[in-house]
Structures are given as structure tokens and as C-alpha cells.
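[1] Starting from these lines, generate the structure:
(chains A, B, C and D)
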2 protein chains.
Amino acid sequence: MSTIKEIAERANVSRTTVSRVLNNSGYVSEEVKKRVLKVIEETGYVPSENAKSLRTKKTKVIGVILPKISTETSSRLVNGIDEVLAEKGYQILLTNTNLIPEKEIEFLRLLKSRHVDGVILSATNINEQLVDEIYRLKIPFVMVGQRISGLPNVVFDDYQATRDIVNLLIKKGHKKIAFIGVDEKDHAVGYLRKLGFIESMKESHLPIEKSWIQKGIFDMKSGYNCMKLILDSSQNKPTAVVAVTDRLAIGAMQYIKEIGLSIPGDIAIAGMGASELSKFISPPLTTIDFSFEDAGREAASLLLEKINGHDYHETIRTIKYRLLERDSI
Amino acid sequence: MSTIKEIAERANVSRTTVSRVLNNSGYVSEEVKKRVLKVIEETGYVPSENAKSLRTKKTKVIGVILPKISTETSSRLVNGIDEVLAEKGYQILLTNTNLIPEKEIEFLRLLKSRHVDGVILSATNINEQLVDEIYRLKIPFVMVGQRISGLPNVVFDDYQATRDIVNLLIKKGHKKIAFIGVDEKDHAVGYLRKLGFIESMKESHLPIEKSWIQKGIFDMKSGYNCMKLILDSSQNKPTAVVAVTDRLAIGAMQYIKEIGLSIPGDIAIAGMGASELSKFISPPLTTIDFSFEDAGREAASLLLEKINGHDYHETIRTIKYRLLERDSI
DNA sequence: CTGTAATATGGAATCGATTCCATAATAATG
DNA sequence: CATTATTATGGAATCGATTCCATATTACAG
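    Below you'll find the predicted structure:
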């Protein structure tokens, strides 16, 4: 691996001049420039980004912290982020917390030690310590999916989206609607979506049986189990179910089918997230399309603004969603 | 952001000593050690990885080049890679070629300039120029999914897997089997799978109509179109179809269903890749599970070996696959 | 009590770039 | 032709760590 010094020697100029050619800044005569470029070409020299960024304090790397790496949500988000960042010559340094909250802080520190130019965090739950750490970081930062006051956020309207779904079911005549949620520590998916459900029901003066509200985790098995609980634990069976993710909904569908009930005849069901599966499952699942690519793009743009601008007041970008009404309701 | 110099001053020691504490190497008295650690704690100091790696020539970063970022294949692969690397304290620098071949070379150079400790490349096609560049790189390197001689490879047995599927169909009595492939420039998915198909057919002395072999790209729409061509362009209609990816297969299924034929009654169909969709589509799709997570883990392990060992002879790790027989055949 | 080994610490060079400052050569201006 | 800009180039400091080498102190052996 050649260095700028070698190039300088070979081209019979100083390192300073080589640097000027590299960044084409300052004055360099055409002749010298040509000579230097020729040497660079011949040797296949590539300047060390490392040394460069030590001096310039810019790495052109953005840290991305994901709760889980191989989910459709994450990969669509990263796709959106990359779309915007790659264009501006930034690379993505990927970290995966695997849903372990302490890792978020660990990675935040790590990304700082690597001098990334900015951080995008897609978190599922936010504790005090994490928020503290973020404030201490003083690195351009964007939060996706959850809200932290005082910082740039890209959020989905979880509350309203859930209401739209519930209201649609109500409009279709359903009065007994069950709900499969997740832990409310996840403010967006857990708390806000549940709130949307409850408030919509209340506004329409519809009762909610306690057993109709179940809490799962983020997988199909859990949706299956929740559905089982809902149907087994009460005589009063709901005619519709809203699940806060498609996976939960699909798990629930499996149970419904398994016990011989029809969808949507006996029970209507809706999910959220517009996973690819939702379109192909039978019957196709009604869901909310949150466009994670848009969220990624938005987050990246916002981050670039912060990187260039430095204005650190709170910013909230709400990603629009679409209700995809399909045959499951 | 504090530096080692500041810590040294605050603790009234030299930078050398602080460095010793940081890496606990060399001799440091308990007393001084405590004092330094306390200052580090107080200031929240994190050493600059950047400066460190400039000196040590190690970045603890692995570059990963993907053909497409938001596909199930890629995200499963990255998941496997991350599983192994994270454990050893490595981070992933992600780059996405979006299937543009020149980008592979561009990113290879870029990753070198960033002094990554190694590179994992998941490529769809390999041209001479790319191979040249890889040889020139002289960075620990692992190729996934395609083979390059003389270097470490993690490959799938595309040929045999395809044969297994075709043979299964033949065993089930099918004699007229169609094939939806992709460009043979993609040696693994395009060339080898087609070869497997053709040879299996030949060995069983089964004829292949020219129109039964179609070439698509990597999406459902393309599978749909290919299926249409297969069924429309000849009187002699096949009773089974093998598609080289699940997406192509699912697209094909859509067309088959659309024209009112039944699966597998009128036409049996099989895909490859074991996408999540394949399990939930109706009827569930027979496919090959290539365990991309395993491939990722294997690639990462192999890379770590290379990073530590330096032995650069060719290595080939073939990831085992499972044939998932489901209702579509 | 002297000589060697072990322990403890710091100075200064180094990694590979950028960048400020100085200086030399050439061109433009009055 | 002297003076000032402009162009062209290099020297050396710098970024923030690590690490070789030197030196000082203490411990131990003969």
C-alpha cells in the first residue's frame, strides 16, 4: 500500500503538492499535475481515508443502529437511507442491537469513537439512560420510529394509522374488535397503537372485553398464541382483530384457519406494516403501508441537513402512510 | 471530545502511560492506573479508533458489498455475517451496488481506502476486471455465491440443488418440464442452475421444447411474463415449471392462477431460495432452502481465519441446502 | 554493598494525510 | 525598471493514538 510520501518522491514533488492534486485545491502547474496523476495511476495509489479523517475530522461514514438486522422493516429502512447517503458519498456503518437495549448505548459510544459524521437510530424503546447518552454525544443524530424531544425525529403516525384501521372495521359493521399489541415500552408500536385502538373504540361507544386485548412479541408464533387466547378465554368472541404488525396478524390468521373459521367471514383481521407477505397470504391482509424507505430517505436527508447546518432544535418529520384495504376484512 | 493528551494532563501522567492503561499492556502501578481510570470515567473519554488504526493498521471494520440491499437474501446473509463478526468486535461497513457491476470495483477501492480489515463480496456476476481488482487488493477477502479461483469462496451447490428439484419432479411423473432462469452471466444462478436442469432432463431422456426455457430478471413481474411466454408460445404445454428464484416462481404462479389453471393439478411449480413468502403463498411453494445465514456465518468465519492466518490458497466452503417439498408440486 | 533484574514512567518518533506559512518564480502594473 | 499580484512549490506542524527507547526507581541475588 503506497502512501502520499511515496507518490511525492516518485513524482519528484512534495507531499503538499500531491495533496493539492488530490483535492485539486491551491495552485499546481499543469505539468506537475499531469506528472503526479500519472504516478498515481501507475501505482494504483488510493489515499488513506483514515489518515485524512484524522486531520479533517470528517469520515463520510454514518452509523446506523438497528434493533434487528434481517427484518423487512430494517432492510427497507436501510435501503432508503443508503439511497440518499450513497449519492453524497457517505457509507453506512451498520450495527445491530438484536433488541438488547444496553447495546444501543454501547454502539452509540462505539460509533462516536469511530468518529462517524452522524448517527441514525431505529429504536424500539427508549429509556432515560439512552436519551442521556444521545444528548451527551453531540453528534448529528436522527431518531427513527420513536420520538425524543429536542432532537430530530422521523416518526410514523402510529396513533392515527391504528385509528384509521379500527374505524374502517367499525364502518364495516364490526362492534366486537380484538387487539393484539406489544409491550408498551415500545412507545410507538406498543403504546400509541394501543391508544389509537382504545380511543377509537371509545368514541364509537363500543365495549372492549379484557381478554380481547393481548400482548405478544414480534413474531408469528406469538400472534398465533394471542389469537388462541382471545378466542379461547371468553364466550364473547370478537368479529374482528387488529394486530400491530403483519407478522402478528399472520400468526393470528394461522390459528383462525386452523380452528376452521373463515376470514373474513367469521373473523376479519388487519395488520400493520405492509410486509411483502401481507399481499400474498390468503386472504390478502388489510394493513397499513408505512413506507420505511421514505422514512430512511427522510432520516438521511434530515441528518445531512444537521451535518451541514448545525441547528439543533427539535424537528419532527411524520411519514405518511396508506391504508391498504384487502380481502381479510 | 477529549483526547489522550487531555487525559494525561488531568491525571498527571504521560500519554504513554494512559495508553498503557487503555490497552493494559506494559507496567503501570496500581495507583496510577486507578487515577487514570478515574479521569477517563469522569470525562467520558473514548479513544479515537481513527487515530488508533492509523498507527496499528487495524480498523476492526469489515466491508460488505451487496448487490441489492433490501432483499431477503442479502439481509439474511448480513445477519449471518454480523452474528459472527459482532462477537469478535468487528463492525460492518455496508455498500450496495444496486446490481451495477462497475460499482463493485468502485466499492472495492473505497473499502481499501478505508483500510477495512477484510471484504466480503456477494456478487451476481464476475467479470475479468473485477477479478483483477480483487487480486490487486491484497486484503483478506471472501466471495459469496460465486466462485473465483484462487480465493476463499462460500458457495451454494446450485447445480446439484437444481438437479434435485428436477429429479423430484421427474420422479413424480412429470415429463414436460419448463424452466425460468436468469442471465447466464450470473454464473451461479444463471448458468449452473440452467445446466442442472438441462442435464437432469437429458439423463432422463426427456425432451425440452425451446419455448420452455425462458430468461427473466429478479422480480415477480418477470416470472409472470416468462410463464405467459411458456404457456402461450406452444401447443405443447409443460406440466411442471422450475424457476431459479422464488420470486420468479411466485410471479409464474400468478399467471397460472390468472388463466384458471390449478397448481399443482394442471401445472406443478418449484422455486429456489426458500423466501419467507414461499411458505405462505397458496399453495405453499416447493423450494430449496440455501440458508443464507449459514453462508454469512461461514463467510465471516473464513474471513476471520484469513485475517489471522494469512494463508491465501483457494478455499471452498459449500453451504448445504435442503429441499423443501410443499404443496405446489 | 555492588550488579542485575524487574517495575514504572516519560520523551519522541511514527502512522498518512491536510494545511498554515514561507519562499521562489513569474506576470502584471504603474 | 521597481513594485505588487499571482502562481507554484515545499517545509513543518498537526490530528490522536501507539510504541520503541531511554531513564529512574525499587527489589533481589550473590
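
[2] just the strands in the stretch 101-250 of chain A please.
    Assigned by DSSP state E, counting those that start in this stretch, the strands in the stretch 101-250 of chain A fall at A:118-122, A:141-144, A:152-156, A:177-182, A:213-216, A:240-243.

[3] Can you tell me which residues in chain A are near DNA strand C?
    A:1-5, A:15-16, A:18-20, A:22-23, A:25, A:47-48, A:50-52, A:54-56 (Cβ under 7 Å from any atom of the strand). For glycine as for every other residue, the C-beta is placed from the backbone atoms N, C-alpha and C.

[4] rerun that using 10 Å as the cut-off
    Residues of chain A lying near DNA strand C by Cβ under 10 Å from any atom of the strand: A:1-8, A:14-23, A:25-27, A:29, A:45-58.

[5] Enumerate the residues of the stretch 101-250 of chain A near chain B.
    Contact residues, the stretch 101-250 of chain A versus chain B (Cβ under 8 Å from any Cβ of the partner chain): A:R109, A:L110, A:K112, A:S113, A:R114, A:H115, A:R136, A:I250.

[6] closest to B:E83 among those residues?
    A:L110 (17.3 Å; Cβ to Cβ).

[7] so who does that closest one touch?
    A:L110 makes contacts with A:T95, B:Q91, as judged by Cβ atoms under 8 Å, 6 or more residues apart in numbering or on different chains.

[8] Now do the residue in the stretch 151-300 of chain A positioned nearest to DNA strand D against chain B, distance only.
    The minimum distance from the stretch 151-300 of chain A to DNA strand D, using Cβ to the nearest atom of the strand, falls at A:L151 (24.5 Å). The spacing between A:L151 and chain B, counted by Cβ to the nearest Cβ, to the nearest Å, is 19 Å.

[9] and if you look at A:K185?
    For A:K185, the distance to chain B (Cβ to the nearest Cβ) stands at 24 Å.

[10] Skipping its backbone neighbours, what lies nearest that residue in space?
    A:N125 (4.3 Å; Cβ to Cβ, 6 or more residues apart in numbering or on different chains).

[11] For my notes, confirm A:I62 occurs in a strand.
    Yes: A:I62 forms part of a strand when assessed by DSSP: H, G, I helix; E, B strand; the rest coil.

[12] show me the contacts for it.
    A:81, A:85, A:90-93, A:116-120, A:300, A:303.

[13] Who are the packing partners of the least confident helix or strand in chain A by mean pLDDT?
    The helix or strand of chain A with the lowest confidence, counting by mean pLDDT, DSSP states H and E, is helix A:128-137 at a mean of 88. Counting by 3 or more Cβ pairs under 8 Å, 6 or more residues apart in numbering or on different chains; DSSP states H and E, the packing neighbours recorded for helix A:128-137 are helix A:101-113.

[14] If we go by neighbour counts, what in the helix it packs on is buried?
    Going by neighbour count (16 or more other Cβ atoms under 10 Å in any protein chain shown), the buried part of helix A:101-113 is A:P101, A:K103, A:E104, A:I105, A:F107, A:L108, A:L110, A:L111, A:K112, A:S113.

[15] Among those residues, give me the pair with the biggest separation.
    For those, the maximum inter-member distance is 19.8 Å, found between A:P101 and A:S113 (Cβ to Cβ).

[16] contacting residues for A:H174?
    If you count contacts by Cβ under 8 Å, 6+ apart, A:H174 has them with A:T239, A:A240, A:A268.

[17] I should have written A:L277 there, sorry.
    Neighbours of A:L277 in contact, by Cβ under 8 Å, 6+ apart: A:D246, A:R247, A:I250, A:L285, B:E276, B:L277, B:F280.

[18] mind listing the helices for chain A?
    Per DSSP state H, chain A carries helices over the ranges A:4-11, A:15-22, A:30-43, A:49-56, A:72-87, A:101-113, A:128-137, A:158-171, A:193-203, A:220-232, A:246-258, A:276-280, A:292-309.

[19] among the ones you listed, which is nearest B:S75?
    Per Cβ to Cβ, nearest to B:S75 of these: helix A:72-87, 4.3 Å.

[20] can you tell me if that closest one touches chain B.
    Yes: interface with chain B: helix A:72-87 contributes A:E72, A:S74, A:S75, A:R76, A:V78, A:N79, A:D82, A:A86 (Cβ under 8 Å from any Cβ).

[21] ok, now which ones touch the closest residue to A:I217 other than its chain neighbours?
    Of all residues not flanking A:I217 in the chain, A:V182 sits nearest, at 6.4 Å (Cβ to Cβ, 6+ apart). By Cβ under 8 Å, 6+ apart, A:V182 lies in contact with A:V189, A:G190, A:K215, A:G216, A:I217, A:F218, A:V244, A:T245, A:L248.

[22] Tell me the spacing between A:L168 and A:E325.
    7 Å (Cβ to Cβ, to the nearest Å).

[23] Neighbour count: these two, which is higher?
    The residue with more neighbours, out of A:L168 and A:E325, is A:L168; 19 against 14, by other Cβ atoms under 10 Å in any protein chain shown.

[24] distance of A:P47 from chain B?
    6 Å.

[25] repeat for A:G181
    22 Å.

[26] is it true that that residue touches A:Q214?
    Yes: in this structure A:G181 lies within contact range of A:Q214 using Cβ atoms under 8 Å: 7.3 Å.

[27] Could you tell me the per-residue confidence at A:G223?
    As predicted, A:G223 sits at a pLDDT of 95.

[28] check contacts around it.
    A:180, A:216, A:243, A:245, A:247-255.

[29] which one of the residues you listed is nearest B:F156?
    A:R247 (27.0 Å).

[30] distance of that closest one from A:I180?
    Distance from A:R247 to A:I180, by Cβ to Cβ: 10 Å.

[31] just curious, which of the buried residues of helix A:101-113 is nearest to DNA strand D?
    When these are compared for distance to DNA strand D (Cβ to the nearest atom of the strand), A:S113 wins out at 7.7 Å.

[32] What count of nearby residues applies to the closest residue to that closest one other than its chain neighbours?
    Once flanking residues are discounted, A:S113 sits nearest to B:V46: 4.3 Å by Cβ to Cβ, 6+ apart. By other Cβ under 10 Å, the residues close to B:V46 number 16.
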